[in-house]
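*Asks:* Build me a structure from this.
(chains A and B)
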Amino acid sequence: MKNNYTRWQLTFLVALRFLIGWHLLYEGVAKLLNPQWSSVGFLKESQWILSGFADWVVTNPNILSTVDFLNTWGLIAIGLGLILGMFFRVAAVSGFVLLVVYYLNCPPLVGIEYSLPADGNNLIVNKTLIEAFALAVLALFPTGSILGLDALLGRFTIKKEEK
Amino acid sequence: MSDKKTDQGALQQENTGLNRDMKRRTVLKAMAGLPVLGLFGVGLLNKRDYDLSKKSSIIKDLGLDSLELPKSDYGQKKSQGELIRVGFIGFGTRGRQLSNALGFMHPDDVKTRQQKNTLNSWLEQEYLDVAITGICDVFDNHAENGLATAGNYTRPGGETAPKLPVKRYRTYQEMLADKEIDAVIIATPDHHHARIATDAAKAGKHIYCEKSAALHEAELNELYETVKNSPVVFQLGHQIPQSVVFQQAKEIVKKNILGKITLIETTSNRNSANGAWVRHLDAKGNLKPGDETVIDWKQWLGAAPEVPFSVERFYNWTKWFDYDSGMIGQLFTHEFDAVNQLLRVGIPKSVVSSGGVYYWKDGREMPDSLHCVFEYPEKELTLMYSGNLASSRSRGRVFMGHDASMELGNNVIIHADSGSTRYREQIKSGAIDTGSPLLTYNPASQQIDAVSSASEKYYASRGLTTTTLNGRAVDVTHLHLREWLNCIRNGGTTSANIDMAFEEGITCIMAHRSYVEKRRMEWDEVNRRIV
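*Replies:* As a prediction, the model looks like this:
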């Protein structure tokens, strides 16, 4: 891939990629390592437009365990994709969608109160939403094929096509 | 799309004669994420080592690594044994609840549960191989509710249950004389308990008696002697010790995690008309049904002084000294049972009570604010009770030891004490933080959690209504009845047996008399009487 970024642009785009990747990967791994973890606690807090969905998940044990599984492994896959620069766009866009879903379950809107303590002081905007949009920006300014395994993957597919 | 284009560009560059060196640089660049992943791995291993060592050191230090929870055989499908024919004496609100716990439900309640979508969880309750074959209530409406409940086959084991006739008895003596009844559940107002239970023991019927066992010392002594000298199985209606959480607390006390306990504080708080025993009005504020044509008032009074019929007395009997001992009999009994089951404190040396009618000024005798201090000089501890019916602030039940305190409710939360001798080193090194729970016990996971996360700490402070057995929510009263029935079939001792009931009864009578007589009551251990 031709690198149109300046040295500083590339440095900070890749650094941001590593940081978000690290965060999501650890969120996934931590859930995997804690056998008691379940999304019930989070989903029970759901109050806005997705509260119906959250209720449905919580009251169906099979669906709940599927959601738990997909959430854990989804986070791990997205985290690895971001750090390694592998299927980078897919990872960044999936991460964006997942984080927006988190946000929509518990948005810090005026008049909605949660029983779990919030991280910092938030009004409409919180860190989850910011992280989601940072991922959207990363998807639009991809670096996976410059500093990442996508550089090799792209190469193989093109070579195959040539044959 | 644009990725592909640029990749093609890169390929062309390579094809137009780029050397191996360039290729290697591309590969190296592609691997840029690997060192980050390596760092992540190192960080993760460090974190995990730290968590595990912290958790295991605290749990090991406390001797909780070898902690064994009693395995429950709950949920078996096989028959429990011979069918036991049960008679209900008293079928009011509590009687109805007990019938649910026993595996029977009134058709109206079945409908309500269907609408609320909670019927199935009740139907999954273990079938106890019992039949309700007798109902005795002085109020026709209650008796009819009982008959409808006993005859309703929508229940656990309903398809296989033998269809036995249900008989209504006009007096409890008639029921006790009937050979077709094996055991009785006494859920009348409290002033009947001792007399009926004593007569039941004499008639050879097994007894499940709601608290309080007795209101007066003489009748308690008679009940104790009679049950002690008869083969019947006696269970007092306390469900708290059936909770899995309670078993856990027992282990924690046994392992001496708390150090020397010198103070136990028990409380109850309610703040509603119903909670203050104003129960003669329905939801719309109309007088509930009942007059002398459908209530046998003379029988209802029993040995109590004769007064003209009163719907208020009939429904709100807890407000008068003739029928009850108020918060002591209704609420403190549970507290005392919890403490006595855990520490077996027995009868106190002395009791002082104080309180008054400060809020519910409706002509009642019973105090709505009451505080009792029970001294155990030989056990070197004080038990306190404080109850209030005009504030619902929850104050919990706390066991205070030199090294840690334990709050025991629907979960167990233990805080190390900042002045602890035993944990001094760990507190100094920061391994134990006195500001957050040292241990919590989450009944749903059946695991002790020493390093709880913020949200787990939060949930630990919230209550649960039932206990969890083998992954299922189970009604604790159901377990209490089940224990009683198991003892009838297989022998063994019930947890709230006659000895426990006697200790509790004496303690409560002392506390109540102290309030009424405005003096300190003492227990004469030698002559076994209250002075």
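*Asks:* Give the next helix or strand downstream of the top helix by length along chain A.
*Replies:* When chain A is parsed with DSSP state H, its longest helix is helix A:7-33. Using DSSP states H and E, the helix or strand that follows helix A:7-33 in sequence is helix A:40-45.
*Asks:* average pLDDT across that next one?
*Replies:* Helix A:40-45 comes out with an average pLDDT of 78.
*Asks:* quick one: the longest helix of chain A to chain centroid distance?
*Replies:* The chain centroid and the centroid of helix A:7-33 are separated by 10 Å, computed with Cα atoms, centre = their mean, to the nearest Å.
*Asks:* do it and chain B meet at all?
*Replies:* Yes - taking Cβ under 8 Å from any Cβ of the partner chain as the criterion, helix A:7-33 and chain B are in contact, through A:V14, A:F18, A:G21, A:W22, A:L25, A:Y26, A:V29, A:L33. All C-beta spots, glycine's among them, are computed from the backbone N, C-alpha and C.
*Asks:* In that helix, which of the residues would be classed as buried?
*Replies:* When neighbours are counted by 16 or more other Cβ atoms under 10 Å in any protein chain shown, the buried residues of helix A:7-33 are found to be A:10, A:13-14, A:16-18, A:20-22, A:24-31.
*Asks:* For that helix, name the packing helices and strands.
*Replies:* Secondary-structure packing of helix A:7-33 (3 or more Cβ pairs under 8 Å, 6 or more residues apart in numbering or on different chains; DSSP states H and E): helix A:61-84, helix A:88-105, helix A:127-140, helix B:33-61.
*Asks:* Least confident secondary structure element in chain A?
*Replies:* Ranked by mean pLDDT, DSSP states H and E, the weakest helix or strand in chain A is helix A:150-162, scoring a mean of 64.
*Asks:* Please see if stretch A:93-111 touches chain B.
*Replies:* No - for stretch A:93-111, no contact with chain B is found by Cβ under 8 Å from any Cβ; the gap never falls below 12.6 Å.
*Asks:* quick one: that stretch to chain centroid distance?
*Replies:* For stretch A:93-111, the distance from its own C-alpha centre to the chain's C-alpha centre is 11 Å (Cα atoms, centre = their mean).
*Asks:* and residue 110, what element?
*Replies:* No chain in the question, so chain A it is. Counting by DSSP H and E, A:V110 is part of no helix or strand.
*Asks:* that's the wrong chain, I wanted chain B
*Replies:* Using DSSP H and E, B:V110 falls in helix B:107-116.
*Asks:* Return the list of helices and strands in contact with that helix.
*Replies:* Judged by 3+ Cβ pairs under 8 Å, 6+ apart, helix B:107-116 is in contact with helix B:119-123.
*Asks:* Geometric centre of chain B: which residue is closest?
*Replies:* With the centre of chain B defined as its mean C-alpha position, the nearest residue by Cα atoms, centre = their mean is B:I240, 2.6 Å away.
*Asks:* Redo the helices and strands packed on helix A:7-33 as CSV? Include mean neighbour count and mean pLDDT.
*Replies:* Converted to CSV, the helices and strands packed on helix A:7-33 look like this (neighbours: other Cβ atoms under 10 Å in any protein chain shown; pLDDT from 0 to 100):
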stretch, mean neighbour count, mean pLDDT
helix A:61-84, 18, 92
helix A:88-105, 20, 95
helix A:127-140, 17, 96
helix B:33-61, 14, 84
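*Asks:* Ok, which of those helices comes nearest A:T6?
*Replies:* Taking Cβ to Cβ as the measure, these were each checked against A:T6, and helix A:127-140 came out nearest at 16.4 Å.
*Asks:* Pull that closest one out as PDB, backbone CA atoms only.
*Replies:* As requested, the backbone C-alpha atoms of helix A:127-140 are provided in PDB (Å, rounded to 0.1, in the frame of the first residue of the first chain):
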ATOM      1  CA  LYS A 127     -16.000   7.400  26.800                       C
ATOM      2  CA  THR A 128     -17.700   4.400  25.100                       C
ATOM      3  CA  LEU A 129     -19.100   6.800  22.500                       C
ATOM      4  CA  ILE A 130     -15.800   8.500  22.000                       C
ATOM      5  CA  GLU A 131     -14.000   5.100  21.600                       C
ATOM      6  CA  ALA A 132     -16.600   4.100  19.000                       C
ATOM      7  CA  PHE A 133     -16.100   7.200  17.000                       C
ATOM      8  CA  ALA A 134     -12.300   6.800  17.200                       C
ATOM      9  CA  LEU A 135     -12.700   3.400  15.700                       C
ATOM     10  CA  ALA A 136     -14.800   4.900  12.900                       C
ATOM     11  CA  VAL A 137     -12.000   7.400  12.200                       C
ATOM     12  CA  LEU A 138      -9.500   4.600  12.200                       C
ATOM     13  CA  ALA A 139     -11.600   2.600   9.700                       C
ATOM     14  CA  LEU A 140     -11.600   5.700   7.400                       C
END
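*Asks:* how much does it deviate in direction from helix A:7-33?
*Replies:* Using axes from the mean of the first three to the mean of the last three Cα atoms, to 10 degrees, the direction of helix A:127-140 lies 130 degrees away from that of helix A:7-33.
*Asks:* And the one helix or strand B:K29 maps to, what's buried?
*Replies:* B:K29 is located in helix B:20-30, with elements delineated by DSSP H and E. By neighbour count, and taking 16+ other Cβ under 10 Å as the criterion, the buried residues in helix B:20-30 are B:T26, B:K29, B:A30.
*Asks:* cool, stretch B:489-496 as well?
*Replies:* Of the residues in stretch B:489-496, those with enough neighbours to count as buried (16+ other Cβ under 10 Å) are B:T494, B:S495, B:A496.
*Asks:* Before I go, just wanted to say thanks for your time.
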